[in-house]
Structure formats: structure tokens, C-alpha cells
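> Next come a sequence and a model predicted from it.
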Number of protein chains: 2
Amino acid sequence: MKKSVSVSDSDGHAFTPLVAIELAEDVKEEAVTWLLDRIKDKQQQGGTDLLVDQVPLETQSDQKGNPNVFVVGATWLRLLQGAEEVGLVKEFSDGSMRGFTYANKENFKSFQGDGDGFLSTAECQYIIKHELDTLRAREETHVPGYAQMKLYPGKSIIRRMQSKGILLQIFPLHVKEDLKRLSLSWYQKVKLSYQPLDDIRQYFGESMALYFGFLEYFTIALVPMAFFGIPYYLFDWESYDKYVLFAIFNLVWSTVILEVWKRRSASLAYGWGTLSRKKAFEEPRPGFHGALGLNPVTGREEPVFPYAKRHLRMYLVSVPFVLFCLYLSLHVMMVYFEMEVWALWLHREEPTVWTSLLLYVPSIIYAVVIEVMNRLYRYAAEFLTEWENHRLESSYQNHLVLKVLVFNFLNCFASLFYIAFVMQDIVLLRQSLATLLITSQILNQIMEAFLPYWLQKRRNKKVHKRNQRIMGEKELPLGEQVRLEADMYTYLGTFDDYLELFLLFGYVSLFSCVYPLAAVLVVLNNVTEVYSDALKMCKVFKRPFSEPAADIGVWQLAFETMSVISVVTNCALIGMSPHMKAYFPESETQLILVVVAVEHVLLAFKFFLAFVIPDIPKQIQIKLARLEFQSLEALKKRKMLEAAAGTPSKS
Amino acid sequence: MKKSVSVSDSDGHAFTPLVAIELAEDVKEEAVTWLLDRIKDKQQQGGTDLLVDQVPLETQSDQKGNPNVFVVGATWLRLLQGAEEVGLVKEFSDGSMRGFTYANKENFKSFQGDGDGFLSTAECQYIIKHELDTLRAREETHVPGYAQMKLYPGKSIIRRMQSKGILLQIFPLHVKEDLKRLSLSWYQKVKLSYQPLDDIRQYFGESMALYFGFLEYFTIALVPMAFFGIPYYLFDWESYDKYVLFAIFNLVWSTVILEVWKRRSASLAYGWGTLSRKKAFEEPRPGFHGALGLNPVTGREEPVFPYAKRHLRMYLVSVPFVLFCLYLSLHVMMVYFEMEVWALWLHREEPTVWTSLLLYVPSIIYAVVIEVMNRLYRYAAEFLTEWENHRLESSYQNHLVLKVLVFNFLNCFASLFYIAFVMQDIVLLRQSLATLLITSQILNQIMEAFLPYWLQKRRNKKVHKRNQRIMGEKELPLGEQVRLEADMYTYLGTFDDYLELFLLFGYVSLFSCVYPLAAVLVVLNNVTEVYSDALKMCKVFKRPFSEPAADIGVWQLAFETMSVISVVTNCALIGMSPHMKAYFPESETQLILVVVAVEHVLLAFKFFLAFVIPDIPKQIQIKLARLEFQSLEALKKRKMLEAAAGTPSKS
């Protein structure tokens, strides 16, 4: 951590502001005093022992600002102790990755002198967030000044204030210098090189770095497919045995790349210390509510919500609702195809300019309706998942991802499936695939990065000034900078970014044998995606808190499922081709049996490959085993010493 | 542990003999002395601190016995310390399962007084075996008296002596009283009740108890299938829609029972303390050899064998060999079918008694050849897997299981597949299935339990006497008992027992829709199997060392794979039925497409079910989470206390 800017708290301690807290403008004075005191209290008294200071309002500011903005920091000693508490894993002097302990700090590799630079700002901010999140009520029954904001011993104060809306937001502050250096090496120079993943991880944390790592890996992994695909386009290879070759290459390749990604992500996560990190006990998510009861795990009094009730809500409301939405989406698709037929018929009856324009109307209507349905469904899914009242953030996320994934999959691919397997029109399939792929790519890039960027510019003239200043040399007063950052959009996590990659993967793999050029388009898209995502992270959104992650989680499963489905679709497409039918002129049955057999063999081969390729590279397995062996040996030695000294261990 | 029999070692300590060691008859005196000293040495001096005594030769014995038989025991304190070293998990006073520590011994539930009965004999024997196995060479370069038996620091002495053949065997001793009580409640009374799994576990260890638990569970789980199957047989229901119903019930049921078994095995393993037990560092298997090098994990000097070399052996020799054997087996099958045709033709040409007898000849020859091939292949598989030189016992076992499984699967089911899908003769399929099922069951029971029992009786007249005595009231002198047990067959592990269940599961599930009675036969078989296996464990074989196990390992995967294959075969069988063909009179293509679609839906449903049903019951998840939470809290508290006291922890 670089000590660049520094402020002083009420007791005169100078500290680097790391995290900002914004309270509601009309929050009662006593609640503020109480919260600040609790944050500043020593740990033995149940506080967090952090430093906190109010951010002064800029007097020259033309607009009325919120005075209740605070910055939080900590002494270097406190941060190092916090690093031990959250269980950060760092490189030891012997090259292994070990849980950091304050007592052993000098034995960690990059710990030099007083340890300056040992923790990145992202890590410091993560530590502070963890400490704030685990600031718990003691004997307080409610937030001072707000009798209805109930507290009970052990309840996280910050989460309660957040869910009741008097704490507006907590966010980590940008560090101008680091951001400038990162963006320079990341996206400001157009050059052919890997992304600076380690720097991204230093600044944005492991979860973001894994996303960008996956995006990069996925792009590079698609290059061979794109390479194979180009001659099909250039030389107009319409022969189906060439397509068969391409499809089989694709299927094996997509299995291999997903397996190899697991190994790559394990390597990355090992180097970042998240692979061997012990998972801490997960706190309930802020929105979780229920009757006060005993938590069976912790034995503490806290809200509990019966499993049975949640399961009833899931299976009796959410599942039927999702199924209904899927049905609706299919219905809309059928209406679209009817409209298409009707427009074609109209044009043939009366071929004027107007009716030829009318030919485009169904597609436009369908695209708009799909987009609207997607948005509405997203709100509904969030509402339902919230209502299912999951106790843990991870389980909330999994259920939300599953709901949104299924619907988006259907919306994107249902029409293609219909064209391919009901209409059996390969030419139309190729056309639609190309149209969908290209338009969705362009729309995405606009909606995702450039539109928010432009909107923000329009909404707030100051953004221009700020960007000049943030990227420029001139120092901005702290108050102004914090308030500018507070106004930026909040990044809602990697969900939408992964979803986009997932759908692109679908376009590449599901119908790869009829449109080999898809891989080329996706590669091109991904290259620009890196730049637009990087821009968005650095310029459009607030800095997000770093999230430790050892893998891409549920998305690995989603991509693998897609790759299984693509075996089925590609086999079916090849089986339907006239060229294949020509091989079995006497009996269609024979053809189908052969195709089904090939499909089964391919599926079996996929599972076999996934089984045979180890998920963690041998080198890292050895390193992990070595560490475990050493800790076992150390334990044994300690026990023996204690036994010899006659003081048995209490563990 | 009951202190029933007791002997004294050379220093006059009385101890209960637990484990017997048999050295070669001509072993050199100096090696014996050295080994005994090393065993008796204190732990600080690198010994095991166990008690050991030579078993006296019975003077009245008419045969010349081996004088080099020793019994090993330990003081009660040593055993409790050993329990901590091997990481036994026991029930704590608060009902949770915790790693046993000697210092906390009074806080464990069944620890009363001086702890008598806290450890079962199986556990004591396991501890002693562990200690003996980890008795390592220090500065010795070879076994005294045997210059060519090289040792190096850290090499397990027992394993080296075992692999060089001067240590013949180590085996745990039976405890007559316990054995009598166990066999009484287990198999000597014919009654309808569950097996005493906890007692089996107490006496034979977790791995055996899980096998018998699985056998019992599997039998009970088959009862509904058997129940559904009986009316098909009684009322001669030949209608195929009834078969379809039965098949679909079967497929869903077999998925559900395998998933539920995981939960059941997790419950059992939790109660036995193996679910949450930390895996110790795995030692190289006795037969492992290689050039002396540095182990990358432990950093010790020990034999290493390059991965590349092992992979070359596996992929260039073992895989082609296995494939060749599979081909050979298919070839033999084809010859059998040709012989069948030829015998039928002969009988039709010349219908005499001789030719009608000749009709049975091909089947008999085929059965004999298959049996011979199975045995030969088994030797070859063991030789090859040994030659692949796996470092760990577990990896050796996995590769052996895989090799044997594939070959046995083909041998058992290839002819049925041929009849079903090439000859498409459903009546013959049903006949063959019944014949194979019934004969293999009868043969198995004879070969497995009654034949060894009878052979042993014949080989050794004394067995009769022994059985009378072991089961009788009269005490046998220790020397005679140990030597009688040393003469018993060695139980080679649960492999063959699981293999048998696996093949039976195949008969039930693969072709269930054509022969609903299979489940009935398998249920009947399993009931007798429980008795014959119990008899075999108690009377035919030496007592095996207990093996901690948390699940049935690779067999879970094998059974799940079988259940996936059975979806494919059953769908195909139903699709081939004339009844189904009648539904689609105009087009066979349509029928196949429908069948394939149904198959895919069923497979997807299977994977979905496997994904949705949690592998560990909620109650046990909570218990595990609670323990983890408590240990995290304890760690945090200790750290905070240490921080307050100014003495940071060294961990």
C-alpha cells in the first residue's frame, strides 16, 4: 500500500483513507456518533480499532453535498493483524503459499522493512470491509435514535443499518496513481500482449482478475477454431464431410479447453493464495430475515427461516413461474414466426416498397420484445430469489444465476433451435445465426460500456472535469474526489459479463458445423470486449471491493453443460444434412442409428476426458501436498515435544 | 478393549496380545533381535514403544511349527496416544464428533474411568499396525544379517522386510468372546432384522461395515423393484406398455437409490468418525520401487519413479493389452454363437439323444472358457498394475479395479448385448439372462464361501477342533490359537464382493424391461449372500485389519456408470419391441427419434436428480458446520488472548 494521501482522525492520527462510508443526509446525530465510536473502539471492547474521519464539504462546491460522508483507514499494524484475521495467504520465504500470521511476518517473501507494499490497497480495503461487516452489536437493543431498528447481540451493525437505508453505501476509494498505471498497461496502448492479470488482481481483487483471465483464455482458445473456420468462409466449402470434420474438432476442442481452464484457474488461484485459503464462516446476507431463533451451527440467537418454507416457495412459486415464463417466451417465438410468414405472404401478394420494408418489422418487434422480456424477467427473478429468503449470499447468487441462465438460454437460442430442427432450413439458420451474433455483439458493447459512460457524462458535467483531474496531474481535494466517486455507477458483479460470454460460447458451439465463421466473430468481439470491460471498470464504475475467488464457480458448470448440449445439436445437424442422407440412400433408420451411436460415443469420450485430465496441475498438487505434509509433521513434532515436556496440548 | 488373555514381554510387562507377526522360519537371529529392539524402543529413540513377545511352540503339537511367531501389544496409555496419532475421531461430550486428543480424553463421551472399552480391539489393532508401518530406519543401511536388504533413513522397516519375504505376515488376532457375540447376533439366528452394523464396524472396521451396509441397503432398495416384478411373472404380462412403465420406474429408482446411498453412507461414516477424519499423508505401497531420489512432497530421500515412464507403461502397454483382451473376449463370444448355430443345425439334421445333449455343449464350453479367461486376466491385470509401479496403494487399487471391471463387464454382458441388439431375440435374451443370473449366483456362493470352508476343513483336520474350541467354552493355549489363525486364508479385501454386487446390479438394471423377475432373484441371492459373507468373515478368513473408509469409493462411480448405461439399453429395448413399432406403423424413423428423445430426457433427468439431491444429509451438514465454526472461533479467541498478552502465536 502506498501512503499517498492522508487525513487525520479526531485524535490526530494521520492515516490513508481506504474506504468511504456514506450515511443518509438526514441521519440522526446520535446514531452517527455511536457508529463512529463503535468503529474506533478497541477490539477487546468489541470495536474494530479502525481510524475514521468525516470528509469536509468543499465550500466552493456549487451544489449542496451530503455532509455525512466518512473515510475509514487503519494503522499499518492493525492492517497486518486484519490480514491474519481474514486468512490472507501469501508467499512464504521457501516459495510455498501460507496463511499469513503476524508473528511470522518477516518470513514472508515480499515483506521487507516495515512491510510497506506487502498488502495491496485492494487487500487493505477488503480487510477493512471484513472488519466493518463483523462489527457486532453487544448489549444494544436498537440503533441509537431509531427505536425500530432492532439489534441483538451478535448482529452485524453495518448490515442492519444498510438494510434499513440509513447507511447508503460503503465503497473502496480509487488510488489515482495505481489506477493510472494499471489503465496504461491494460487498455490504453493498443498492442498484442496478455493482460496484466496480476496487476488487475492487485487493484480489483481475485474475482475480477479471474473474469478477465477467463475472457483472455477463452479468446485465445477460440483462435484455433476461428483459424479452421476461415477457409470454410473463403472457399465456400459446402461439402458436409468437411463440416463433420470441423464439428468433431470443435466438440473435442471445447471439452479440452474447459478442462484446461480448470487447471489454468487453479494455477492462477494458487499464485494469488485463494486456492489453499480456508473458507471463513459465511455470514447471513443483509436482506435475510426471519423470526429470532437459535442458529443450529453457531448456537447464537439470530433470525432463522425454516428450510421447508423456503423449499415450498421455491418449488410451488418460483419453479412454476419460471416454467410459465419459458412457455411465454416460446409462445412469443411462435407468434414471431407466424408474423414472418404473414409478412412474406403480404410481400408476395403485393410487392411494393412498403411491404418489403414490412419484411423487417417482425424481426425488429421480436428483438424489442425479447429485450423487454429479458429485463422484466430479470427483475422478477431478483424479486423471487430475494423472496425465497436465502440465508447466504452464495446460495442467493446460485439460485439467481440458474433462473436467469435458463431464461436467457431459451430466449437466445429457441428460435435457432426451431429453425434448425422444426423448419430444417440450414440456410436460414446460418443467416439468423450471423444476424443474431453480430447485432447482439454490437448492442452489448454499446449497452454495457459506452452507453453508461455517455449517460454519466450527460448527467454530470463534472465528470469531464473529474476525468481530467483523476487522470491528470492535478491533485483533487479529498472531499471532492470521494463525492465524485460516490456518484459513479455501482458495479454489480461479474454476472452480466459471464452471461455474455456464455451466450457467445453458445453461438460458437451449438451450431458450429453450419456456421464456422462464428468463432472468428467471437474472437473479434472478445478482443474489443477486453477494452470496453477494462474501460468500464476503470472509468464508469465505482471501484468494487475485491472478492477472493478460487475459480469461476457456477459458470464452469454452465459452460460444461453448454458443451454437452452442443454435442447433441451438432450430431443432429450433421445427421439432417442431405450429404449424410446420400450415404444411406436405402434407409433413413440406419443413418439415425449411426448418428445416435456417434453421439453416444462422443458424449462418453467427453466424460472420459473430463475424468482423465486432472483439475489441478501436478506441480501445484505437489506444492499443496508438501504444505499439508509439513503442517502434519509440525503438528506431530509439537505433540511429541509437549508429551516429552509433560504438558499435553489442548487443541 | 477387553483385557481377556494376557502375556508378558521380556521385561515382565503383562499385555493383551493384539497383533501377530510371523517371520520366515530360517530368518537370521540378529535380524530378529534387531527388529524386536526397534519395536520396543521408546518413541524418542525412533522406536514404536510397543510390547512384543515370542509365542511359545506347543510341545504337544504333532507338526513342526514355525518358532518365529510374535505377538504385539501395548500399554493402555500408549494405545490412547496412538489413537491421537492416527487421528481417530470420537464422540465428544457435547455430541459432536472430534479428533481424539489424549489431553482432553475425559471430555469424550464413552471415556469412563481409565477408559476401558473406549477403543475397540479393531481400533487398537489398527493403531498398532500404523505404528509398526511407520517404524522407520534411522542410520541403518541394511537389515542386520542381510546386506542386500538395503535401508535408508525414513524407509519403513516392516514394509522392506515384507517385500523381501523375511516377514511373512502381520495379522490381527481374533477375540473369541467378541467374535462369538458378533456371529450370534449377525448370522447364527435366522430372523428378519437389520445387520448389527455398529458391531461389525467395531470388530472388522469401517471398510467392511460399509460393504455390509451397502449389501443390506442394496437388497432393501431392490425390494420395491422385486415387488413390481412379481405380477409380470405371475400373470404373464407380455404387454409392452407395462414393460415401459416398469423400465421407467426402474431407471428413476436406480438413480434415486444410488443418490440416497451416498447420504446413508455419509450418515454411517459420520457416526463412525471417518467422514470428518483428516486424511493422513499416504505412504508408498510396499511393492513400489525406483531409483533413490528426493520426494518432492516430503523432501526425503526415497525411491522415485518418473511419471512419464509410468504413463508410457500405462498407455503403450496396459491399454493396448486390455483392448486386446476385450477383443479376444468378443471373439470367443462369436465362436460360441457359431457353435450354438452348428449344434442346432446338427440336432435338426439328426435328432438323436446324443445331438440333443450336444446342444448344451457350447454353453458349457463357453462358461468354462469365460471362467478361465477371467482368472487369467485377473493375474495379468495384477501383474500389469504392479508393473506400472504406482506409488500409492489407492492409485494401484483404482487402476486394478478399472482394468478388472471393464473386462468382467464385457465377459458377463457381451453375449446378452449381442442377443439383444444384433440377434434382436427377446425370448432368447430372457432365457439367457435367467440362466446366467441363476448359475452365476449359485457358483458364486459355492466358490466364495463354502468351497474355501470345505477345502480348509479337508486340508487341516485341526480346523474342526479349532472351531469347536474357538466357538466353544474351552480356552486354547495362545500359541496354538495364533498358529491356527496364521493358517487361515487371508481376506484380500472387499474387491470381489463389490464386483459380484456390481454384476448383479447389471443383471437387474441393464435389461430390466424384458425380465422383471431379475430383481426378485437378486434379492433372494443377497439375503443368502449376507449369511455366506458373514460366515466367510468369521470362520474362513484371518481377521483383516480394519480400514477407515468414509464411502465405498470407486464403486459408487461404477454403479452410477452402470445405471447410465442401463438407461441407454432399456430405451433401445423398448424401441425395438413390436408393440412400440405398432404405434408408429408408417415410419420407423419417427419411432427412433421419439425413443432417442426420451432417452436424452431421462439422462438429463438423472443428472439433474444427482445434482439436486445433496450428498450429505442436512442434519450432518449442520453438525459438520458447527464443529468448523467452533474451531474457527476457538482459534480466533486464542489469537486475541495471545495478542492481548503480547505473545503472538507461532502457528
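That came in fine, so what should we check first?
> Run through the residues that contact A:Ala434.
Residues near A:Ala434 by Cβ atoms under 8 Å, 6 or more residues apart in numbering or on different chains: A:Tyr515, A:Leu517, A:Leu521. (Each C-beta comes from the backbone N, C-alpha and C, glycine too.)
> Would you confirm that the last one contacts A:Leu437?
Right, the one you point to is A:Leu521. Yes: if you go by Cβ atoms under 8 Å, A:Leu521 and A:Leu437 touch, sitting 5.5 Å apart.
> quick revisit: got TSV for the contacts of A:Ala434, with distance to A:His579, neighbour count and pLDDT too?
Converted to TSV, these look like this (distance: Cβ to Cβ, whole Å; neighbours: other Cβ atoms under 10 Å in any protein chain shown; pLDDT from 0 to 100):
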residue	distance to A:His579	neighbour count	pLDDT
A:Tyr515	16	24	82
A:Leu517	19	18	84
A:Leu521	25	21	88
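> Using JSON lines, please lay out the residues you listed together with distance to chain B and secondary structure.
Formatted as JSON lines, the contacts of A:Ala434 follow (distance: Cβ to the nearest Cβ, whole Å; DSSP: H, G, I helix; E, B strand; the rest coil):
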{"residue": "A:Tyr515", "distance to chain B": "23", "secondary structure": "coil"}
{"residue": "A:Leu517", "distance to chain B": "29", "secondary structure": "coil"}
{"residue": "A:Leu521", "distance to chain B": "29", "secondary structure": "helix"}
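> Looking at those, which is nearest A:Ile257?
Of all those, A:Ile257 sits closest to A:Leu521, with 17.7 Å by Cβ to Cβ.
> And that closest one, how close does it get to A:Glu529?
12 Å (Cβ to Cβ, to the nearest Å).
> Equivalent analysis for A:Tyr315, please.
Separation of A:Tyr315 from A:Glu529 (Cβ to Cβ) stands at 37 Å.
> So for the two, which residue has more residues nearby?
A:Glu529 (24 against 10; other Cβ atoms under 10 Å in any protein chain shown).
> ok, and the closest non-adjacent residue to the residue nearest to the spatial centre of chain A?
Central residue of chain A (Cα atoms, centre = their mean): A:Thr494, 2.3 Å from the mean position. Excluding the flanking residues, the one nearest A:Thr494 by Cβ to Cβ, 6 or more residues apart in numbering or on different chains is A:Tyr211, at 4.6 Å.
> ok, the one you found touching A:Tyr498?
Yes: contact criterion Cβ under 8 Å: A:Tyr211 and A:Tyr498 qualify, at 6.9 Å.
> Now do the shared contacts for these two.
When contacts are counted by Cβ under 8 Å, 6+ apart, A:Tyr211 and A:Tyr498 are jointly contacted by A:Ile552.
> can you pull the contacts of A:Ser420?
One correction, residue A:420 is Ala, not Ser. Counted by Cβ under 8 Å, 6+ apart, A:Ala420 has contacts A:Ile426, A:Leu429, A:Phe511, A:Val514, A:Thr569, A:Ala572, A:Leu573.
> Chain B: which of those residues is nearest?
Ranked by distance to chain B (Cβ to the nearest Cβ), the contacts of A:Ala420 are led by A:Ala572 at 9.4 Å.
> in which helix or strand would I find the closest one?
helix A:554-576 (DSSP states H and E).
> distance between that helix and the chain's centre?
Centroid separation for helix A:554-576 versus its chain: 23 Å, with Cα atoms, centre = their mean, to the nearest Å.
> and the following helix or strand past that helix, what does it pack onto?
Sequence order places helix A:578-583 as the next helix or strand after helix A:554-576, per DSSP H and E. Contact partners of helix A:578-583 among helices and strands, from 3 or more Cβ pairs under 8 Å, 6 or more residues apart in numbering or on different chains; DSSP states H and E: helix A:240-271, helix A:588-612.
> among those helices, which is the most enclosed?
Among those, helix A:240-271 has the highest mean neighbour count (mean count of other Cβ atoms under 10 Å in any protein chain shown), at a mean of 19.
> Who are the packing partners of the helix or strand following it?
Downstream of helix A:240-271, the first helix or strand assigned by DSSP H and E is strand A:291-294. When contacts are defined as 3+ Cβ pairs under 8 Å, 6+ apart, strand A:291-294 sits against strand A:301-304.
> Give me the buried positions along the strand it packs on.
Using 16 or more other Cβ atoms under 10 Å in any protein chain shown as the test for burial, strand A:301-304 gives A:Glu302, A:Pro303, A:Val304.
> what about A:Leu77, how many neighbours?
By other Cβ under 10 Å, 12 other residues sit near A:Leu77.
> Could you list the contact residues of the stretch 451-600 of chain A toward chain B?
Contacts of the stretch 451-600 of chain A with chain B, taken as Cβ under 8 Å from any Cβ of the partner chain, map to A:Val568, A:Glu588, A:Thr589, A:Ile592, A:Leu593, A:Val596, A:His600.
> For the fourth one, give me its contacts.
Put plainly, it is A:Ile592. Per Cβ under 8 Å, 6+ apart, neighbours of A:Ile592: A:Gly575, B:Thr589, B:Ile592, B:Leu593, B:Val596.
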